[in-house]
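J.: coordinates for the following, if possible.
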Amino acid sequence: MHWYWWYPFLVFACPLSRGANSQQQQQHQQQQSIKAHLHKDATTRLHNHARDRLAAMLSRTHSVECAEEVTLAYEAFLTAHITETLLPFESTFVKNQCPRPDGNNTGVASNDTNGPSIVHKLKEADDLHILYIITAHRDLDQVVRLIQALQDDAEDTRACLLTKSGASASSCERNHFVVHIDGKEGPLPANLPLLTYASTSSNVYVMQEGRVNVSWGGFSVVQATLNAISYGFYLKLPFDRVINLSGATYPLATPRQIRATLAQHPLNEQLMFIDPTPNVPNPRVWHYFIECDNQMHRIARFGLPRGVPLRTGSQWFVISRDFAHYLLTDDNFVGPYTAYAQHILIPDENFFATVLKSSPYCHHHCNTNYLHLTFDVWEDEKGAAADPSKCLQPDPRICGRSPLLVRTEEIDHLIPRPGADMPAEPKRETFLFARKFDSNVSVEVLDEIDRRLAWQRARERESLLAEIAAASVAFPLGENCGDKGCIANGCTRQDDVEGNIPPEGHVDKEMLLPSVLREHGIALESIQW
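T.: As a prediction, this is how the structure comes out:
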């Protein structure tokens with residue numbers, strides 16, 4: 001068959017084929033053009049968003065170092081999203097160390113009622129040694145007043161020396177104070193009243209090294225506390241308990257009352273207020289932050305850590321020496337969780353509570369810190385008076401808040417009035433401390449608290465003087481009554497006659513030289529009777 005018979009069909013078909021290809025090419029070109037416009041528009045929008053967001057963050061920085069840190073963190077989050085790689089800390093797994101009855105420590109929230117059996121070890125109140133951690137950033141005269149209010153009376157130390165076997169001046173010094181002053185205050189002047197007071201007190205230590213620039217809402221608040229505890233260990237101070245206070249705190253009880261209250265708790269029990277329900281943060285308010293230039297910089301939304309339920313609680317606590325050491329040295333939980341917590345907002349209300357409830361000490365917890373605290377309204381409710389540094393979320397209506405100053409009308413509910421003839425007061429919750437006070441505003445309140453504590457100290461002093469009298473050993477002049485096994489008032493002067501023997505309970509200065517005073521080199525003339 002000849003080929004030319006279908007040639008006419010070819011002639012007519014070719015134009016149709018060329019037209020179809022041309023139409024497809026046009027559609028393809030249109031699609032490519034649309035995609036190019038979408039790409040360009042999206043790239044422009046993304047660029048503008050990223051540029052504007054980064055510009056806003058950098059506008060809040062002051063130093064080149066802070067600007068670089070913020071930029072690198074923001075770039076890391078954007079790059080992870082774009083390249084579909086892991087976000088910062090997304091692969092971090094923090095293993096819960098809280099022992100479960102079934103041995104399954106896989107991150108399930110601890111239940112105190114199902115904890116292992118605990119051997120409760122108590123310690124007598126007079127044998128309890130306390131390390132007070134005080135973090136302050138201003139109003140340092142108030143810190144001096146706080147420490148003075150927590151110091152034992154001379155009679156307390158004297159009674160300890162006389163009644164405790166093998167007691168020494170150091171063992172009878174039952175309170176020690178480590179003060180951390182905000183690093184933003186700069187070098188401490190030599191004539192600072194706090195330093196002057198510390199130089200004349202054997203149990204007061206003001207940190208010169210290891211001071212942290214503290215920012216509201218930053219991990220620096222936690223770090224300052226940890227550094228102060230670490231300093232207490234570095235100094236090899238003897239303590240059973242650590243009490244964390246702010247410089248704006250003040251006691252509502254005498255030192256003896258504080259020890260007596262704490263002595264009711266086992267030594268391995270941590271006293272810390274913690275919300276019993278694990279905290280599941282709203283993703284809208286859970287962000288990754290960078291702390292630099294003395295403020296917090298929000299970078300991006302932050303994932304929750306895997307393996308551990310978050311807890312909310314108070315940074316003001318009373319903890320054991322063992323748990324304090326655990327906070328500083330543990331690498332299994334505390335180390336990895338610290339790396340995460342350094343980038344959350346207000347970690348002081350999260351860190352200590354989360355660590356405790358996820359640690360081997362989780363079942364050794366009493367849900368109180370003996371602290372009276374009343375919070376102000378949320379910062380966003382203050383209108384023009386709001387502090388912008390406490391409103392760091394994308395939604396400006398989500399802000400932080402701070403404690404209120406203690407008012408005069410609250411005192412009767414916090415500390416009893418002096419005098420047995422006062423009318424019975426309503427039953428009150430036991431508080432050992434209150435926060436907060438300002439020496440420039442709270443003068444009358446502090447003076448009234450001091451007046452009531454002075455009355456309580458006077459009653460304690462009467463009891464202590466009786467203890468001192470009962471423990472003192474009287475003896476004839478020139479003789480060692482201790483060798484005769486004498487007791488108080490058991491021997492008199494050689495020239496005493498019947499009717500001239502001191503009445504029971506009386507201690508004559510000339511007859512008194514207790515062996516314990518001689519042992520510790522305390523001169524009789526230095527004692528006030």
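
J.: surely His287 and His297 touch.
T.: No - contact criterion C-beta atoms under 8 Å: His287 and His297 do not qualify, at 10.0 Å. To be clear about C-beta, it is placed using only N, CA and C from the backbone, and glycine gets the same treatment.

J.: compare those two and say which is more crowded by neighbours.
T.: Counted by other C-beta atoms under 10 Å, His287 and His297 do not tie: His297 has more neighbours, with 23 against 20.

J.: and the pLDDT at the more buried one?
T.: On the pLDDT scale, His297 is placed at 96.

J.: separation between the spatially most central residue of the chain and Phe77?
T.: The chain has Gln315 as the residue nearest its centroid, 3.4 Å off, counting by C-alpha atoms, centre = their mean. Gln315 sits 28 Å away from Phe77, going by C-beta to C-beta, to the nearest Å.

J.: His28 versus Asn21, what's the distance?
T.: On the measure of C-beta to C-beta, Asn21 and His28 end up 10 Å apart.

J.: now swap in Leu122 and tell me
T.: 85 Å.

J.: kindly report the same for Ala386.
T.: Using C-beta to C-beta, Ala386 is found at 57 Å from His28.

J.: what about these two, which has more around it?
T.: Higher neighbour count among Ala386 and His28: Ala386, with 16 against 10, using other C-beta under 10 Å.

J.: separation between the more buried one and Ser402?
T.: 12 Å.

J.: what's the answer for Ala136, then?
T.: Where Ser402 is concerned, Ala136 sits at a distance of 15 Å (C-beta to C-beta).

J.: torsion angles phi and psi at Cys292?
T.: With angles defined as degrees, to the nearest 10, Cys292 sits at phi -160, psi 160.

J.: chain center to stretch 85-104: distance?
T.: From the chain centre to the centre of stretch 85-104 is a distance of 24 Å (C-alpha atoms, centre = their mean, to the nearest Å).

J.: name whatever forms a beta bridge with Ile319.
T.: Val242 (DSSP bridges).

J.: identify the residues contacting it.
T.: By C-beta atoms under 8 Å, 6 or more residues apart in numbering, Ile319 lies in contact with Arg241, Val242, Asn244, Gln270, Leu271, Met272, Leu327.

J.: how many residues are close by the first one?
T.: Taking other C-beta under 10 Å as the neighbour definition, Arg241 ends up with a count of 24.

J.: does the nearest residue to it once chain neighbours are set aside have beta-bridge partners, and which?
T.: Using C-beta to C-beta, 6 or more residues apart in numbering and skipping residues adjacent in sequence, the residue nearest Arg241 is Ile130, 4.9 Å away. Beta bridges link Ile130 to Asn175, Arg241, judged by DSSP bridges.

J.: mind checking how far Leu146 is from Phe433?
T.: Separation of Leu146 from Phe433 (C-beta to C-beta): 10 Å.

J.: these two: who's more crowded?
T.: Leu146 (26 against 23).

J.: hang on, the more buried one is in a strand, isn't it?
T.: No - under DSSP: H, G, I helix; E, B strand; the rest coil, Leu146 sits outside any strand and is assigned helix.

J.: quick one: it and Tyr250 touch, right?
T.: Yes - using C-beta under 8 Å as the test, Leu146 is close enough to Tyr250 to be in contact (5.9 Å).

J.: and for Ile147, the neighbour number?
T.: Ile147 has 22 neighbours, counted by other C-beta under 10 Å.

J.: correct me, but it touches Val204?
T.: Yes - judged on C-beta under 8 Å, Ile147 makes contact with Val204 at a distance of 6.1 Å.

J.: between these two, what contacts are shared?
T.: What both Ile147 and Val204 touch, as defined by C-beta under 8 Å, 6+ apart, is the set Phe177, Val179, Tyr197.
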